[in-house]
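>>> quick one, what's the 3D model for this:
(chains A and B)
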There are 2 protein chains.
Amino acid sequence: MRTDILFHQLFEAESCTYTYIIADKKTKEAAIIDPVLETVDRDLKLIEELDLKLLYVLDTHIHADHITGAGEIRKRTHAQTCVSQKAHIDCVDIPLEEGQELKLGEKVIKVLSTPGHTNTCLTYYFEGLLFTGDALLIRGCGRTDFQQGSSDKLFESVHGKLFKLPDETIVYPAHDYRGMTSSTILLEKKFNPRLRETNSQDDFKKMMSELKLAHPKKIHEAVPANLACGRTKENEN
Amino acid sequence: MRTDILFHQLFEAESCTYTYIIADKKTKEAAIIDPVLETVDRDLKLIEELDLKLLYVLDTHIHADHITGAGEIRKRTHAQTCVSQKAHIDCVDIPLEEGQELKLGEKVIKVLSTPGHTNTCLTYYFEGLLFTGDALLIRGCGRTDFQQGSSDKLFESVHGKLFKLPDETIVYPAHDYRGMTSSTILLEKKFNPRLRETNSQDDFKKMMSELKLAHPKKIHEAVPANLACGRTKENEN
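The predicted structure follows:
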């Protein structure tokens, strides 16, 4: 049990997305990571029950598989929306870059740039917890074949940056499709079939090039909406 | 981050069941709680990757909505199966009762008898984490209309026993259907619509009597199988 921070993981079943709420227990200042539009009511209710002051809505990247809840949450709270500055989104309150720190009470969320799944992917580090988006999944990783994806960059992001963190760092990804809810840097170094330490960059690139995946069902709806902070024709106002 | 214990939560999507792996980090002695037959391979792979010595397979109760993985796990490991002694199941290795303690390295799992959803429901307490089965769900509770269920007993189990634990105790239930993964005793005392502290035993009994739920789809298959430690005609040997 951590007595100094607060942590809640939430799951959206259609897109298999994990949303996270983190807070400094003392000041009750909080952030939500990767909210999904369809579950905003649930998430805001929990934030209210926990009596938190929501400061930030953090997206790890411009999602292609679901519409972010960021815009809707900003509309209903005082929280500021945060996305990589590389995405050049006008409606974002705080464009983020590598090394930036966001204060959460007496603690900080550290921003790591981890491109490769998309060119704007960020990873957030908070008190031993690592929110990796689609850069590093549990025994997997995000695809690299659209949204300026790059297998070379993803390999460098994971091996050159995430795998340099302490082994016991807990990995919380944006998705899981097999019911796993967390991992650690050590487990991924040893057992990630694509990105484990014994795989070379060439091994990884070959694996990724052979995936031949269909595009996500929602990509043509989700990407434009997410470039507008989750606004769609239906929820525009 | 806890450095002395290890904890993993796993989800089985068809029955919305949570399975848990807990361990003492020093000795690597471990237990699995409420495994599901269909996800035994996944769970044992994780246990192997974590290099754990699985000592116990704990079921919180005789499930009606899925077949336990207990028998299958015992067959493939040296783990002992544990269920309430009130269930009178011959194939169980360690019949459990109120107050019993199971050693996990230098720590203990404490057994609490929490009848009401069924007459054999147990809750497991381990280092500030509470595995409540279907006795206490997140903002809900298990039904009380079959398997010797009793709304009176469930109210007494939750108010008289679980709500006496420290407020910050983390609640990990056997199921969630809305993507919530954990709660705390404080949150349930305040916000559980059926069992919150301001509800009387009569309020609760009235609510439960008005639910009029259909029986779980798998009840006629799951209960007999679980009374045989998860064995079915198909997996018998």
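>>> number of nearby residues for A:Cys91?
14 (other Cβ atoms under 10 Å in any protein chain shown). (C-beta placed from N, C-alpha, C; glycine too.)
>>> dump the residue contacts of it.
Residues near A:Cys91 by Cβ atoms under 8 Å, 6 or more residues apart in numbering or on different chains: A:71, A:81, A:228-229, A:231.
>>> any idea which of those residues is closest to A:Arg196?
Distance to A:Arg196 across the contacts of A:Cys91 (Cβ to Cβ) is lowest for A:Thr81, with 34.7 Å.
>>> strands paired with the helix or strand containing that closest one, and their directions?
With elements delineated by DSSP states H and E, A:Thr81 resides in strand A:80-84, which encompasses its position. On the basis of DSSP bridges, the sheet neighbours of strand A:80-84 come out as strand A:53-58 (parallel), strand A:94-96 (parallel).
>>> ok, and what's touching the longest one?
Pointing back at strand A:53-58 there. Contacts of strand A:53-58 from elsewhere in the structure, counted by Cβ under 8 Å, 6+ apart, are A:27-35, A:47, A:69-70, A:73-74, A:77-83, A:94, A:102, A:104, A:109, A:122, A:124, A:131.
>>> returning to what we had before: quick one, which of the contacts of A:Cys91 has the minimum pLDDT?
Least confident entry in the contacts of A:Cys91, by pLDDT: A:Arg231, with 78.
>>> can I assume A:Ile21 is in contact with A:Glu48?
No - A:Ile21 lies out of contact with A:Glu48 (Cβ atoms under 8 Å); the separation is 11.4 Å.
>>> next, the angle strand A:80-84 makes with the helix or strand bottoming out on mean pLDDT in chain A.
When the helices and strands of chain A are compared on mean pLDDT, DSSP states H and E, helix A:219-226 comes out lowest with a mean of 91. Angle of helix A:219-226 versus strand A:80-84, following axes from the mean of the first three to the mean of the last three Cα atoms, to 10 degrees, is 120 degrees.
>>> enumerate the residues of chain A near chain B.
Within chain A, the residues that sit near chain B (Cβ under 8 Å from any Cβ of the partner chain) are A:1-3, A:8-13, A:39, A:42, A:46, A:49-50, A:127-129, A:168-170, A:178-182, A:187, A:190-191.
>>> rewinding a little: reformat the contacts of A:Cys91 as a markdown table; add neighbour count.
Output for those, formatted as a markdown table (neighbours: other Cβ atoms under 10 Å in any protein chain shown):
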| residue | neighbour count |
| --- | --- |
| A:Gly71 | 25 |
| A:Thr81 | 21 |
| A:Ala228 | 15 |
| A:Cys229 | 24 |
| A:Arg231 | 21 |
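>>> mind putting these into TSV with secondary structure?
What follows is these, written out as TSV (DSSP: H, G, I helix; E, B strand; the rest coil):
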residue	secondary structure
A:Gly71	helix
A:Thr81	strand
A:Ala228	coil
A:Cys229	coil
A:Arg231	coil
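>>> which of the residues you listed lies closest to chain B?
Minimum separation from chain B among the contacts of A:Cys91 (Cβ to the nearest Cβ) is found for A:Gly71, which lies at 20.5 Å.
>>> and the strands in chain A?
Listed from the start of the chain, chain A has strands (DSSP state E) covering A:5-12, A:17-24, A:29-33, A:53-58, A:80-84, A:94-96, A:101-104, A:107-113, A:122-126, A:129-133, A:170-173, A:183-184.
>>> any chance of these in TSV, plus distance to B:Leu58?
Listed next are the strands of chain A as TSV, based on distance: least, Cβ to Cβ, whole Å:
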stretch	distance to B:Leu58
strand A:5-12	22
strand A:17-24	26
strand A:29-33	32
strand A:53-58	37
strand A:80-84	41
strand A:94-96	43
strand A:101-104	36
strand A:107-113	35
strand A:122-126	32
strand A:129-133	27
strand A:170-173	24
strand A:183-184	23
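>>> spatially, what comes nearest to A:Asn119 if we skip its sequence neighbours?
A:Gln148 (3.7 Å; Cβ to Cβ, 6 or more residues apart in numbering or on different chains).
>>> in chain A, where is pLDDT below threshold?
Judged by pLDDT under 70, chain A has its weakly predicted residues at A:1, A:232-237.
>>> now A:Gln85: closest residue in space, sequence neighbours ignored.
Of all residues apart from its sequence neighbours, A:Pro95 sits closest to A:Gln85 (Cβ to Cβ, 6+ apart), at 3.4 Å.
>>> with A:Ile185 instead?
Of all residues beyond its chain neighbours, the one nearest A:Ile185 is A:Thr169 (4.6 Å), with distances taken as Cβ to Cβ, 6+ apart.
>>> OK, contacts around the one you found?
A:125, A:128-130, A:184-185, B:1.
>>> what of A:Asp4?
A:Asp4 touches A:24-26, A:107, A:127, counting by Cβ under 8 Å, 6+ apart.
>>> most neighbours among those, which one is it?
Ranked by neighbour count (other Cβ under 10 Å), those have A:Asp24 at the top, with 23 neighbours.
>>> mind listing the residues bridging to A:Tyr56?
The residues paired with A:Tyr56 through beta bridges, assigned by DSSP bridges, are A:Ala31, A:Gln80.
>>> ok, now how distant is it from A:Ile32?
Using Cβ to Cβ, to the nearest Å, one obtains 7 Å as the distance from A:Tyr56 to A:Ile32.
>>> looking at the two, which is more packed in?
The neighbour count for A:Tyr56 versus A:Ile32, taken as other Cβ under 10 Å, is higher for A:Ile32 (29 against 24).
>>> pretty sure that one sits against A:Ile47.
Yes - taking Cβ under 8 Å as the contact criterion, A:Ile32 and A:Ile47 are neighbours in contact, 7.2 Å apart.
>>> intersection of neighbour lists for the two?
Shared contacts of A:Ile32 and A:Ile47, defined by Cβ under 8 Å, 6+ apart, are found at A:21, A:54.
>>> which ones are touching A:Ile109?
The contact partners of A:Ile109, taken as Cβ under 8 Å, 6+ apart, are A:22, A:31, A:56, A:58, A:101-102, A:124-126.
>>> what about A:Leu50, how many residues close to it?
Residues contacting A:Leu50 under the criterion other Cβ under 10 Å number 19.
>>> re earlier: could I get the contacts of A:Cys91 as TSV with distance to A:Asp202?
Converted to TSV, these look like this (distance: Cβ to Cβ, whole Å):
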residue	distance to A:Asp202
A:Gly71	41
A:Thr81	38
A:Ala228	38
A:Cys229	38
A:Arg231	42
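>>> please name the residues that touch A:Leu37.
A:Leu37 makes contact with A:66-69, A:72, A:230, A:235 under the criterion Cβ under 8 Å, 6+ apart.
>>> A:Leu50 touches A:Glu29, doesn't it?
No - with contacts defined as Cβ under 8 Å, A:Leu50 does not count as touching A:Glu29, sitting 11.7 Å away.
>>> what touches both of the two?
Residues touching both A:Leu50 and A:Glu29 comprise A:Ala23, with contact defined as Cβ under 8 Å, 6+ apart.
>>> ok, A:Ala222 - contacts?
By Cβ under 8 Å, 6+ apart, the residues touching A:Ala222 are A:63-67, A:216.
>>> of those, which is the nearest to chain B?
When those are compared for distance to chain B (Cβ to the nearest Cβ), A:His66 wins out at 12.8 Å.
>>> buried residues in stretch A:16-33?
Taking 16 or more other Cβ atoms under 10 Å in any protein chain shown as the basis for neighbour counts, the residues of stretch A:16-33 that come out buried are A:16-25, A:29-33.
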